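*Asks:* coords below, sequence missing:
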């Protein structure tokens, strides 16, 4: 068992086209580092200075990590982590 | 994608939503099959603003899951402009790409913009691609 991670379309070019990859349990930031070791370049697309980038939503199962413990949210075997680009826009 | 199909009923729904939240920006998802819209999801604009919109992340996830579960896809994302033309703004363009890259967030999804800046509502659809904004036709029954 591992953590299942859903990769959004724009980042699938870094995972060889895979939509579903596996990661190690731990905190979200540890998971980002683990993904970086497997898919170089993905780390900086997800986080900057230890923080998840703006306009990138990360969910553990159904919950946005911003409403959990953010980057320190723990994920365990069997959890599903989804990375989803935020939808936003406007005149300014 | 050179055009999308949106029924008159769905177009009216999008325009009504935009009018109801005016002068704030309205936003939502048009779900369907292929290029045909079958459902309008009115979404909350958490910016509650006259000049920007952001989906509520929890609601976005729930709706995207429902669309997938029902065998549909996100045909378009819509929002309103209250005092400017129905054309993507610089922010609309920036947010269409994954942060820090020129990779489209939702490559097979169009952007529908409603403008309430004039006497009659104006509604247009676009593909926002790297280096180009392409206006596509809205076909209606």
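*Replies:* Looks like it arrived, so ask away. Quantities reported herein were computed from a predicted structural model and do not represent experimental measurements.
*Asks:* What distance do you get for the residue nearest to the spatial centre of chain B to residue A:89?
*Replies:* Centroid check for chain B by CA atoms, centre = their mean gives residue B:78 as the closest residue, at 1.5 Å. Distance of residue B:78 to residue A:89, computed by CB to CB, to the nearest Å: 10 Å. Placement of C-beta: from N, CA and C, glycine included.
*Asks:* hang on, the residue nearest to the centre of chain B packs against residue B:110?
*Replies:* No - assessed by CB atoms under 8 Å, residue B:78 is found out of contact with residue B:110, at 9.1 Å.
*Asks:* Could you report the pLDDT at the closest residue to chain B within chain A?
*Replies:* Closest residue of chain A to chain B, CB to the nearest CB: residue A:90 (2.9 Å). pLDDT, residue A:90: 85.
*Asks:* in the sheet, who's paired with it?
*Replies:* The partner list for residue A:90 in beta bridges (DSSP bridges) reads residue B:52.
*Asks:* burial measure for it, as a count.
*Replies:* Neighbours of residue A:90 under the rule other CB atoms under 10 Å in any protein chain shown: 22.
*Asks:* Surely residue B:11 is within a helix?
*Replies:* Yes - per DSSP: H, G, I helix; E, B strand; the rest coil, residue B:11 lies within a helix segment.
*Asks:* Who are the contact partners of the closest residue to residue B:25 other than its chain neighbours?
*Replies:* Nearest in space to residue B:25, with sequence neighbours left out and distances taken as CB to CB, 6 or more residues apart in numbering or on different chains, is residue B:53 at 4.4 Å. When contacts are counted by CB atoms under 8 Å, 6 or more residues apart in numbering or on different chains, residue B:53 is found next to A:88-90, B:25-27, B:45, B:47, B:79.
*Asks:* I'd like those as CSV, with secondary structure appended.
*Replies:* Output for the contacts of residue B:53, formatted as CSV (three-state DSSP):
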residue, secondary structure
A:88, strand
A:89, strand
A:90, strand
B:25, coil
B:26, coil
B:27, strand
B:45, strand
B:47, coil
B:79, strand
